[in-house]
Each structure stands twice: as structure tokens, then as C-alpha cells.
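*Asks:* Provided below for reference: sequence and predicted model.
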Amino acid sequence: MTQLKDPALLHTRCYINGQWLDADSGRTITVSNPATGETIGSVPDMGAAEAERAVAAAQAALPAWRALTAKQRSQVLRRWFDLMMESQEELATLLTLEQGKPLAESRGEIAYGASYIEWYAEEAKRVYGDTIPGPAPDKRILVLKQPVGVCAAITPWNFPNAMITRKAAPALASGCTFVIRPASQTPFSALAIAALAERAGIPAGVFNVITGSSREIGRVLTESDTVKKFSFTGSTAVGRQLQAQCASTIKKTSMELGGNAPFIVFDDADLDAAVSGAIACKFRNAGQTCVCANRIYVQSGVYDEFVRKFAQAAGYLKVGNGLESGTECGPLIDEAALSKVEEHLADALAHGGEVVAGGARHPAGKLFFQPTVIRHAHAGMKVAREETFGPLAPVFRFENEADVLQQANATEYGLAAYCYTRSLGTATRMMEGLVYGMVGINTGVISNEAAPFGGVKQSGIGREGGKYGLDEYLATKYVMLAV
Ligand SMILES: O=CCCC(=O)O
């Protein structure tokens with residue numbers, strides 16, 4: 001790990017109750033760089049016992065943290081944000097080493113992740129309740145917003161920083177304490193966030209990071225009666241299982257799950273803007289983003305021109321190790337992710353699809369795949385039904401609004417959708433008709449800390465970001481006051 005200027009940000013132990021700890025068993029998990037296959041280091045392989053202790057630490061820390069004034073919590077969070085931005089370069093390097101995304105994207109993710117801490121540091125001071133006219137002259141109705149208590153989360157490898165901060169920041173801002181189990185592929189970013197939390201003066205037990213067995217730790221975090229709120233970002237299949245486990249204690253949950261985003265281009269769209277929007281939306285993080293375009297629908301009148309320009313732009317993307325300057329597309333996270341891309345590609349070709357860019361593994365390394373574009377995509381292909389989560393872009397043809405709306409909504413997912421058109425009428429009908437939690441009109445980039453991120457249908461429950469994200473960590477109490 002010679003690349004880090006601040007080696008103290010590289011922690012190989014978990015952070016529980018303000019202490020850096022090994023697993024009881026002494027077992028560890030090896031973490032490797034997906035671009036090179038080289039070992040970066042190892043982290044503790046903890047289980048149920050350590051998870052119970054992390055939850056107990058969060059519970060013990062709760063009364064004092066909750067009792068701080070909103071302004072005091074806000075100041076601590078603001079320090080955490082400042083420290084994160086001061087360490088942006090180191091954190092980005094660490095992120096690229098363990099996750100693979102290009103360094104420029106990692107820098108962007110650190111700023112994006114930190115922006116949630118900044119936003120909620122400010123919002124901590126605006127946890128407003130209500131007063132409501134009472135039903136009688138001597139009655140008043142008060143509505144209080146109080147922290148739900150101990151919160152826990154499981155986060156994915158595709159955004160090792162931002163998926164943690166956008167849960168932890170609103171939790172801590174509202175007066176809750178927090179236990180996070182990051183993905184085993186990308187634990188170092190989480191531990192670095194903990195190191196900065198410690199430096200910022202976040203008290204012991206308020207923010208805890210535990211690495212190890214997803215099954216054992218996940219069971220404790222979802223079934224513990226002490227944990228009052230559980231938040232997960234990951235696949236719909238795993239989210240369904242965790243949601244079922246949370247049912248045993250009727251826990252408050254947020255689930256940010258899979259997507260199958262349609263990206264729609266109408267005949268009247270600014271075609272160059274649509275092409276660059278589609279490139280950004282499809283190929284960022286090598287297509288491994290829950291809001292990445294999965295199905296690109298282009299109207300007949302511009303289909304051929306769009307495909308030509310889009311394929312050309314995809315072909316120009318520089319594939320390679322994310323630490324090398326100019327890299328635009330890094331590796332996939334593991335062999336299973338690569339195999340899924342190959343499976344979807346083979347299925348599309350078997351059903352009449354035609355490769356117009358890429359179409360094979362990339363020589364940069366074992367986990368690299370060429371940015372790939374297929375034309376003549378149709379509803380009978382796996383790419384129409386399943387999230388590929390890789391650099392494969394199928395382009396479908398459509399004739400009119402009703403046709404594309406029907407195709408775009410024909411999925412159990414409902415996370416993000418995109419539409420390019422110059423017509424206000426079309427834009428309005430699409431933003432209202434797309435059954436999705438988030439819609440981008442004439443943009444392929446929608447993520448922002450001030451906005452409510454989340455899905456409908458089997459893409460999830462709850463919202464992260466903005467004022468909506470704070471509510472997820474608050475309990476509403478109503479008081480009938482007789483005076
Ligand atoms: O993959 C999930 C999160 C993506 C984002 O916040 O832009």
C-alpha cells in the first residue's frame with residue numbers, strides 16, 4: 001500500500017466502541033485489487049459475537065449522543081466532512097485500489113460521499129416537529145421527531161464510500177448511533193471513514209464498522225431487538241431476505257435494491273447530448289451502478305444514427321487500471337460479474353442481436369471487458385429482463401410514446417429511468433408515466449445529496465438524501481396536551 005500519503009488511513013482492524021479490533025477467532029479476509037489481482041491486505045473475519053458487541057456499544061453510546069444539541073452534532077459532522085475532503089486524494093486512491101473504478105470517478109465518489117455528511121450536518125439543525133390545532137379549547141396536539149435509536153446497515157462494493165455516508169450521516173445527524181457492515185471486497189474505504197470519524201471526535205460507539213460473515217453479522221443486525229432501523233443497498237434477492245429477517249422485530253427499514261433502468265431517446269432529442277448522457281449513464285463504474293442505463297430505447301427516426309455515434313463513443317473509452325491516468329473504464333469486481341456480462345451477451349446474440357462495439361474480454365487484465373454495444377435488442381432477450389451490471393449496452397427500437405412507455409415499465413424494477421426529448425409535452429408525459437422512483441430528463445446523471453434517492457416496485461423502500469433521508473432515522477411521536 002505504498003500509494004497512500006497518509007498510511008494511518010489504512011486500517012486492517014474493525015472499529016467497534018472506539019477501539020481497533022481483530023476477530024475473536026483471529027481469522028481474516030483477504031482483499032485484492034480487481035485490476036491486478038494483487039493482495040491489498042486483510043481485514044477481520046468477524047461473526048455474530050462481535051456483531052452483538054458492536055450493537056451493544058452503539059446502544060451504550062446512544063443516550064449521550066442523542067442528548068447533544070443538534071448544533072453540537074452538526075459541528076462534529078462538519079469536522080468529519082472537512083477531514084474527508086482534506087483526504088480526498090488518499091481516500092480516492094484506496095477506493096480505486098479495492099474497487100477498480102477510475103481515479104477520477106473515485107475522487108468524484110469521495111466528494112459525493114462527503115456531500116451527504118455536509119448536507120446532514122446542516123440539516124441536523126432542522127429537525128422540525130409540528131403543532132396542530134387541538135379538538136377542544138383546552139387541548140393541543142404536538143408532533144415530536146425523535147431519533148429511532150440504534151441503526152445498522154449493510155452496504156455494497158460498487159460505492160464503498162458514498163453508500164455508507166448517505167446512511168450514516170442522516171442517522172448521526174438525527175441523534176442515532178450506527179453499526180455498518182461493508183462489503184468484503186471493499187472494507188478499507190469503510191475503515192478509513194471510521195478513522196476520520198475518530199479524528200473528527202465522533203464519540204466511541206456512535207459509529208462502528210464490522211467486517212466479516214454477511215450471513216452471521218446480517219442476522220444479528222436484522223434480528224436484534226436493540227437495532228431499531230436497518231438500511232441495505234444491494235440486490236433485490238438479498239434485500240428480500242433481509243427484509244424478511246427484519247420482520248421478526250418489525251424494524252423500520254430502507255431498501256435500495258436492483259434496477260433495470262430504461263434510457264429513452266426520442267426522434268426530437270439533441271442526439272449528441274443523448275449519446276454523451278448514455279455513455280456516462282451506462283459505462284460509469286464499468287456499468288456497475290444500480291442506476292446505470294440497462295436498456296436503451298431509441299425511436300426509429302434516429303435509431304441508426306444514434307447507434308453509430310454511441311458505438312463510436314463507446315469504442316473510444318479508455319479501458320485499464322483505474323490508477324492509470326486517462327482511464328475511463330476499469331475492471332469488473334469479480335469473475336461472476338464478468339460471466340454475467342458474457343451470459344447476457346451470448347443470449348442477445350443468440351436472439352438476433354448484433355455487436356457494433358466491443359463484444360469480448362479486454363486484454364488489460366482478467367476482469368476487464370470491452371465497452372460493448374448491441375443493436376437489434378428486443379424484449380425476448382435477458383438484457384430486457386435482468387440487470388446486467390456491466391459494460392453491455394443493448395439498443396432497442398421503438399415507434400411511439402405509448403409503445404416505449406409500455407416497454408420501459410414492463411419490469412418488476414422501478415429505480416431510475418431516463419428520457420431525452422426537446423418536447424415539453426413528451427417530457428411531462430414520460431416523467432409522469434414512468435413507474436420509477438427517479439427520472440432524469442435530458443440528463444444521464446441524477447445522483448445528488450439534496451435529492452431523494454430510491455425506488456418503487458421491487459427496487460426498494462425508503463429514500464436516501466435530502467430532507468426525506470432524515471425522516472428515515474426519525475420516529476414521529478404525537479402528544480395530546482390538555483392545558
Ligand atoms: O449504485 C447505487 C448508487 C448510485 C448513486 O448513488 O449514484
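*Replies:* Yep, that arrived.
*Asks:* how much space is there between the residue sitting nearest the centre point of the chain and residue 232?
*Replies:* Centroid check for the chain by C-alpha atoms, centre = their mean gives residue 163 as the closest residue, at 4.5 Å. Using C-beta to C-beta, to the nearest Å, one gets 10 Å for the distance from residue 163 to residue 232. Any C-beta I mention is one placed from the backbone N, CA and C, and that applies to glycine too.
*Asks:* which neighbours do those two share?
*Replies:* Residues touching both residue 163 and residue 232 by C-beta atoms under 8 Å, 6 or more residues apart in numbering: residue 155.
*Asks:* and stretch 274-284, C-alpha only, in CSV?
*Replies:* What follows is stretch 274-284, C-alpha atoms only, in CSV (Å, rounded to 0.1, in the frame of the first residue of the first chain):
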residue,chain,number,x,y,z
ALA,A,274,-28.2,11.9,-25.6
VAL,A,275,-25.1,10.0,-26.7
SER,A,276,-22.9,11.5,-24.1
GLY,A,277,-25.6,11.1,-21.5
ALA,A,278,-25.9,7.4,-22.4
ILE,A,279,-22.1,6.9,-22.3
ALA,A,280,-21.9,8.5,-18.8
CYS,A,281,-25.0,6.7,-17.6
LYS,A,282,-24.1,3.3,-19.0
PHE,A,283,-20.4,3.0,-18.6
ARG,A,284,-19.6,4.8,-15.3
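*Asks:* Tell me which residues of it come out buried.
*Replies:* By 16 or more other C-beta atoms under 10 Å, the buried positions in stretch 274-284 come out as 274-275, 277-279, 281-284.
*Asks:* Residues contacting that stretch, please?
*Replies:* Stretch 274-284 has contacts (C-beta under 8 Å, 6+ apart) with 105, 261, 263, 265, 291-293, 296, 306, 309-310, 313-314, 317, 328-329, 371, 391, 393, 418, 420, 440, 442-445.
*Asks:* can we see that at 6 Å?
*Replies:* The contact list for stretch 274-284 (C-beta atoms under 6 Å, 6 or more residues apart in numbering) reads 263, 265, 292-293, 296, 309-310, 313, 329, 371, 391, 393, 420, 444-445.
*Asks:* Kindly report the same for stretch 155-162.
*Replies:* With C-beta under 6 Å, 6+ apart, stretch 155-162 has contacts from 95, 99, 109-110, 112-113, 163-164, 182-183, 185-186, 189, 233-234, 288, 333.
*Asks:* what's the first-to-last distance across it?
*Replies:* End-to-end distance for stretch 155-162: 10 Å, by C-alpha to C-alpha, to the nearest Å.
*Asks:* How far does stretch 359-377 sit from its chain's centre?
*Replies:* The chain centre lies 24 Å from the centre of stretch 359-377; the measure is C-alpha atoms, centre = their mean, to the nearest Å.
*Asks:* What is the neighbour count of whichever residue of the stretch 251-400 of the chain sits closest to the ligand?
*Replies:* Relative to the ligand, the nearest point of the stretch 251-400 of the chain is residue 290 (3.6 Å; C-beta to the nearest ligand atom). Other residues within reach of residue 290, judged by other C-beta atoms under 10 Å, total 28.
*Asks:* on that earlier part again, can you flag which of the contacts of stretch 155-162 belong to strands?
*Replies:* residue 233 (DSSP state E).
*Asks:* pretty sure the residue of the stretch 251-400 of the chain closest to the ligand contacts residue 259?
*Replies:* Yes - when contacts are counted by C-beta atoms under 6 Å, residue 290 is listed as touching residue 259 (4.7 Å).
*Asks:* who's in contact with residue 256?
*Replies:* By C-beta under 6 Å, 6+ apart, the residues touching residue 256 are 233, 454, 460.
*Asks:* Now rank these by neighbours and give me the top one.
*Replies:* Within these, most neighbours by other C-beta under 10 Å means residue 460, with 29 neighbours.
*Asks:* Can you pull the phi/psi pair for that one?
*Replies:* phi 140, psi -180 (degrees, to the nearest 10).
*Asks:* Which strand residues bridge it?
*Replies:* Note on residue 460: beta-bridge partners by DSSP bridges are residue 256.
*Asks:* circling back to that earlier point, whichever of the contacts of stretch 274-284 end up buried, select them in ChimeraX.
*Replies:* Selection of buried members from these for ChimeraX, criterion 16+ other C-beta under 10 Å:
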select :263,265,292,293,296,309,310,313,329,371,391,393,420,444
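*Asks:* which of the contacts of stretch 274-284 lies closest to residue 247?
*Replies:* The shortest approach to residue 247 among these belongs to residue 292, at 30.4 Å (C-beta to C-beta).
*Asks:* Now for residue 290 and residue 259: what residues contact both?
*Replies:* residue 415.
*Asks:* I'd say residue 55 and residue 228 touch.
*Replies:* No - in this structure residue 55 lies outside contact range of residue 228 using C-beta under 6 Å: 10.7 Å.
*Asks:* can you tell me how far the residue nearest to residue 234 when sequence neighbours are not counted sits from the ligand?
*Replies:* Among residues not flanking residue 234 along the chain, residue 156 sits closest, at 4.9 Å (C-beta to C-beta, 6 or more residues apart in numbering). The gap separating residue 156 from the ligand is 7 Å, by C-beta to the nearest ligand atom, to the nearest Å.
*Asks:* Equivalent analysis for residue 33, please.
*Replies:* For residue 33, the distance to the ligand (C-beta to the nearest ligand atom) stands at 21 Å.
*Asks:* Now do the contacts for that residue.
*Replies:* Contacts for residue 33 (C-beta under 6 Å, 6+ apart) come out as 40, 97.
*Asks:* follow-up on the earlier one: confirm that the residue nearest to residue 234 sits in a helix.
*Replies:* No - membership of residue 156 in a helix is not supported by DSSP: H, G, I helix; E, B strand; the rest coil, which gives coil.
*Asks:* Flag the shaky bits of the chain, pLDDT-wise.
*Replies:* 1-3 (pLDDT under 70).
*Asks:* residues from it in reach of the ligand?
*Replies:* Taking C-beta under 6 Å from any ligand atom as the criterion, the chain approaches the ligand at residues 158-159, 162, 289-291, 447, 453.
*Asks:* how about those in CSV, adding distance to residue 133?
*Replies:* Converted to CSV, those look like this (distance: C-beta to C-beta, whole Å):
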residue, distance to residue 133
158, 48
159, 45
162, 42
289, 47
290, 43
291, 42
447, 40
453, 35
